[in-house]
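[1] Requesting a structural model of the entry that follows:
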Amino acid sequence: VYAGHDIYAGGKIESITEYPQGDLTYGILNLNYQMAAGSTVLYRRRVFDEIGYFDAAFERHQDVEFLIRYLRKYKIAVIPEQLVRVHRIKGKISAKKIAKTKEQFLEKFQEDIDKLGKKRASEIRARHWLDVARVYVDQGDKKAGWQYLKRSLGFRILHSARYPLPLSEKYLIILLGLIK
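    Have a look, this model is predicted:
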């Protein structure tokens with residue numbers, strides 16, 4: 001079971017939980033749903049005995065990695081209330097570590113991703129590489145940011161719900177960062 005959460009950064013609400021239900025695998029793999037770093041999910045002890053623990057080989061996404069393995073075998077219920085307040089601490093995570101984790105994550109779940117169909121699989125891969133591009137640009141490495149942006153675009157151009165353009169706002173932010 002998981003509960004809702006608010007994410008605060010600098011004392012202001014940054015995001016509020018949506019309450020997706022049903023098969024969450026695609027949404028989680030595509031980074032659409034966040035379970036607040038696992039702090040809003042409760043598992044029975046026997047689940048760990050059956051599917052194992054968090055994979056310590058991952059420097060990031062241990063909670064997401066575990067949740068995908070969980071969803072292969074179980075369903076998850078939701079308590080549609082904001083029961084957790086998450087305070088995001090701004091810190092620099094190395095873009096190189098994020099790229100390594102994304103590579104590891106996409107490799108480990110390649111079969112799960114491919115089962116979703118070509119269109120969704122391309123979207124998932126594009127979104128992960130776009131995140132890496134954004135972090136590299138944010139950290140001032142425009143060359144690596146450009147390489148990962150091209151890698152993302154090689155899979156799919158992601159569309160935005162906010163703008164009727166064939167580019168998401170993330171692409172625009174990255175491109176503006178590359179121009180600076």
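[2] Test my guess that residue 144 contacts residue 95.
    Yes. Using Cβ atoms under 8 Å, residue 144 is in contact with residue 95, at 6.8 Å. All C-beta spots, glycine's among them, are computed from the backbone N, C-alpha and C.
[3] hey, what's in contact with both of those two?
    Counting by Cβ atoms under 8 Å, 6 or more residues apart in numbering, the common neighbours of residue 144 and residue 95 are residue 136.
[4] For the protein, which segments count as strands?
    For the chain, applying DSSP state E gives strands covering 2-9, 12-16, 78-87.
[5] pLDDT averaged over the second one, what's the number?
    When the per-residue pLDDT values of strand 12-16 are averaged, the result is 69.
[6] Tell me if I'm right that residue 116 and residue 124 touch.
    Yes. Checked against Cβ under 8 Å, the pair residue 116 and residue 124 is within contact range at 7.3 Å.
[7] what residues are shared contacts of the two?
    26, 29.
[8] Mind checking which of the two has more residues around it?
    More neighbours surround residue 124 than the other of residue 116 and residue 124, with 24 against 17 (other Cβ atoms under 10 Å).
[9] The more buried one touches residue 29, doesn't it?
    Yes. Counting by Cβ under 8 Å, residue 29 is a contact partner of residue 124 at 5.0 Å.
[10] Which residues are in contact with each of those two?
    With Cβ under 8 Å, 6+ apart as the test, residue 124 and residue 29 both reach 113, 116.
[11] List the contacts of residue 125.
    106, 113, 152, 155, 156.
[12] State the pLDDT value of it.
    As predicted, residue 125 sits at a pLDDT of 93.
[13] And residue 108, by the same measure?
    95.
[14] now the most centrally placed residue in the chain: how far from residue 81?
    Closest to where the C-alpha atoms of the chain average out (Cα atoms, centre = their mean) is residue 31, at 3.2 Å. As defined by Cβ to Cβ, to the nearest Å, residue 31 lies at a distance of 23 Å from residue 81.
[15] picking that back up, more neighbours: residue 144 and residue 95, which one.
    Set residue 144 next to residue 95 and count neighbours by other Cβ under 10 Å: residue 95 wins out with 22 against 18.
[16] Run a quick neighbour tally on residue 122.
    With other Cβ under 10 Å as criterion, residue 122 counts 17.
[17] give the contact list for it.
    When contacts are counted by Cβ under 8 Å, 6+ apart, residue 122 is found next to 155, 156.
[18] Would you confirm that residue 41 contacts residue 71?
    No. If you go by Cβ under 8 Å, residue 41 and residue 71 don't touch, sitting 11.2 Å apart.
[19] so what's the nearest residue to residue 104 once chain neighbours are set aside scoring on pLDDT?
    Among residues not flanking residue 104 along the chain, residue 58 sits closest, at 6.3 Å (Cβ to Cβ, 6 or more residues apart in numbering). The per-residue pLDDT reported for residue 58 equals 88.
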